[in-house]
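Q: need coordinates for the below:
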Amino acid sequence: MTGQARYCGDLRGPGMAHGKILRSSHAHARVVRIDGTRARRLPGMLAVVTRDDLRDIDPYYSVACRDQAILAVDGARFARDAVAAVVAEDERTAVETLGVHASRCRIARGWAVWRRSEGGRMLRPFEIHQPESVQAASGLVARHGEEAVFYAGGTEVLLVMKEGLVRYRHLVDVKTIPGLSGIAYDAATQTLQIGCTATHCALEEHPAVCGHFPLVAQVETQVANTRVRNVGTIGGNLCFAEPHADPGTLFLAYDAEIELASVTETRTIAAEQFFTGAFETARRYDEVLTQIRLKRWGPHTRGAYMKFGFHERPTLGVAVALTLDAAHQSVQESRIAVGCVGPKPFRARAAETALRGVSLTDAERKIDEAAGLASADAEAISDLHGSAEYKQEMVKVFVRRALRAAVARFQ
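A: Just a heads-up that it's a prediction; the model follows:
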């Protein structure tokens with residue numbers, strides 16, 4: 001600004017202050033004790049902010065960012081989470097104060113001591129196994145039974161363990177198994193092969209996905225938040241079967257196939273049969289979801305995905321695919337998948353039948369009819385995302401919008 005400084009630390013100005021952040025060196029850590037008394041007494045210190053200073057205010061950045069606290073109030077979810085902040089008259093004092101502050105801050109490492117702020121539950125000790133093959137992973141879970149679970153990104157299973165809803169003594173980490181994170185496109189069969197430990201971010205950015213399955217890439221950009229997309233895996237998302245999730249609904253519109261493997265056999269199941277209820281799937285407890293396969297849509301097919309929600313997880317998700325005849329005069333095939341409104345995603349078969357054989361000139365009238373049929377088929381349930389009646393009405397609205405968007409892509 002003045003031409004007299006080479007580095008930010010050289011800058012001097014009236015009222016200028018320098019801030020530094022004390023960060024956790026461990027993920028899933030509980031802040032046992034933090035004391036800024038000594039740091040506040042140092043010469044040149046202007047302020048020290050700890051979790052105690054956030055007790056009477058909202059500790060989150062905003063209403064829309066409920067997954068990220070300004071400072072770790074009860075514990076650090078991730079390595080490098082902010083624990084405290086210091087403000088000093090110059091940068092050197094701020095940096096030196098961090099060392100003093102860190103010596104007065106105890107961070108208990110690991111899941112074994114994570115406690116909720118209510119003071120009740122904690123994430124109890126468990127053992128992590130890292131097998132080198134699918135068969136070895138399946139064998140470990142079969143041997144330990146209900147005390148074991150497969151573990152990939154951990155964005156879902158660790159949450160329910162922290163809440164005390166389930167307890168597993170053994171986590172079988174499938175990320176270490178070679179070949180399960182791959183994403184490949186087979187040009188001969190026009191099939192996308194997605195390994196179970198591929199992350200949402202990897203799918204979002206993969207050239208084959210962006211080039212041949214742009215709708216998949218688009219939906220993956222909308223999954224949860226940046227941290228979840230970087231860590232969470234597509235296999236974990238499907239196996240957890242959280243009703244308010246995007247990928248499962250989209251994969252139904254693609255007629256996806258899911259490969260499951262165990263010590264004894266490998267089998268393939270359609271995505272529509274994979275989901276059996278809220279947090280329930282057709283996967284046997286010792287089976288590893290190894291791969292998801294999607295067939296590329298032909299040149300006469302267009303699709304759309306639309307979602308709606310007030311929270312990070314969607315209230316409603318609708319995926320549609322329309323296939324026209326070679327002359328693009330009438331609908332040859334239609335696929336309509338609806339998710340997030342009930343216990344599992346479903347295909348709206350009655351709505352699909354209503355659209356088959358319809359000419360594009362009659363499409364508008366039939367789209368309204370199909371939207372009504374899809375709404376009638378929705379087994380909507382009331383929850384914090386809305387009442388069952390509200391969700392059914394939203395199904396009608398968003399099926400109509402998604403079908404119109406698909407039709408518009410033929411023009």
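Q: show me the shaky parts of the stretch 51-200 of the chain.
A: Scanning the stretch 51-200 of the chain for pLDDT under 70 picks out the ranges 55-69, 73-74, 100-122.
Q: show me where it has its strands.
A: For the stretch 51-200 of the chain, the strands defined by DSSP state E, counting those that start in this stretch cover 75-76, 82-88, 105-108, 127-129, 148-151, 170-173, 183-186, 191-195.
Q: ok, the stretch 201-350 of the chain next?
A: Under DSSP E, counting those that start in this stretch, the stretch 201-350 of the chain gives strands at 257-261, 266-270, 275-277, 280-281, 288-295, 301-308, 316-324, 331-339, 346-347.
Q: point out the most buried one among the strands of the stretch 51-200 of the chain.
A: Among those, strand 75-76 has the highest mean neighbour count (mean count of other C-beta atoms under 10 Å), at a mean of 25. Quick note: C-beta positions are derived from backbone N, CA and C, even for glycine.
Q: so what's residue 244 up against?
A: 309, 313-315, 340, 385 (C-beta atoms under 8 Å, 6 or more residues apart in numbering).
Q: hmm, I typed the wrong one, I wanted residue 172.
A: 129, 131, 137, 140-141, 148-151.
Q: same thing with residue 319?
A: The contact partners of residue 319, taken as C-beta under 8 Å, 6+ apart, are 215, 249-250, 252-253, 303-305, 335-337, 339, 402.
Q: likewise residue 368?
A: residue 400.
Q: in a markdown table, list the contacts of residue 172 along with distance to residue 37.
A: What follows is the contacts of residue 172, written out as a markdown table (distance: C-beta to C-beta, whole Å):
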| residue | distance to residue 37 |
| --- | --- |
| 129 | 44 |
| 131 | 49 |
| 137 | 50 |
| 140 | 49 |
| 141 | 50 |
| 148 | 46 |
| 149 | 44 |
| 150 | 46 |
| 151 | 41 |
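Q: ok, these vs residue 199, which is closest?
A: Closest approach to residue 199 among the contacts of residue 172 (C-beta to C-beta): residue 151, at 14.2 Å.
Q: and residue 287, its phi and psi?
A: Backbone geometry at residue 287, expressed as degrees, to the nearest 10, gives phi -90, psi 140.
Q: correct me if wrong: it contacts residue 258.
A: No: Residue 287 is beyond contact range of residue 258, at 10.2 Å (criterion: C-beta atoms under 8 Å).
Q: circling back to that earlier point, could you dump the strands of the stretch 51-200 of the chain to JSON lines with distance to residue 279?
A: Formatted as JSON lines, the strands of the stretch 51-200 of the chain follow (distance: least, C-beta to C-beta, whole Å):
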{"stretch": "strand 75-76", "distance to residue 279": "25"}
{"stretch": "strand 82-88", "distance to residue 279": "33"}
{"stretch": "strand 105-108", "distance to residue 279": "31"}
{"stretch": "strand 127-129", "distance to residue 279": "23"}
{"stretch": "strand 148-151", "distance to residue 279": "13"}
{"stretch": "strand 170-173", "distance to residue 279": "18"}
{"stretch": "strand 183-186", "distance to residue 279": "26"}
{"stretch": "strand 191-195", "distance to residue 279": "22"}
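Q: which one of the ones you listed lies nearest to residue 204?
A: Closest among the strands of the stretch 51-200 of the chain, using C-beta to C-beta: strand 183-186, at 10.7 Å.
Q: for the closest residue to residue 181 other than its chain neighbours, give me its contacts.
A: Spatial nearest neighbour of residue 181, chain neighbours left out: residue 197 (4.4 Å); criterion: C-beta to C-beta, 6 or more residues apart in numbering. Counting by C-beta under 8 Å, 6+ apart, residue 197 makes contact with 152-153, 174-175, 177, 180-181, 233, 235.
Q: mind listing which of those residues are in helices?
A: Secondary structure from DSSP state H places residue 235 of these in helices.
Q: with the contacts of residue 197 in mind, which one is nearest to residue 46?
A: So of these, ranked by how close each gets to residue 46 (C-beta to C-beta), first place is residue 153, at 40.4 Å.
Q: report the contact partners of that closest one.
A: 197, 199, 228, 231-233, 236.
Q: for it, give me phi and psi.
A: Main-chain torsions, residue 153, degrees, to the nearest 10: phi -80, psi -30.
Q: how near is it to residue 238?
A: Distance, residue 153 to residue 238, by C-beta to C-beta, to the nearest Å: 12 Å.
Q: sorry, back to before: are any of the contacts of residue 319 buried, and which?
A: Taking 16 or more other C-beta atoms under 10 Å as the criterion, what is buried in these is 215, 249-250, 252-253, 303-305, 335-337, 339, 402.
Q: the residue nearest to residue 296 when sequence neighbours are not counted: how many residues sit nearby?
A: Leaving aside its sequence neighbours, residue 296 sits nearest to residue 190 (C-beta to C-beta, 6+ apart; 4.1 Å). Residues lying near residue 190 (other C-beta atoms under 10 Å) number 13.
Q: report the contact partners of residue 190.
A: By C-beta under 8 Å, 6+ apart, the neighbours of residue 190 are 212, 295-296.
Q: buried subset of the residues you listed as a PyMOL selection?
A: Entered in PyMOL, the line below selects the buried ones among these, by 16+ other C-beta under 10 Å:
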select buried, resi 212+296
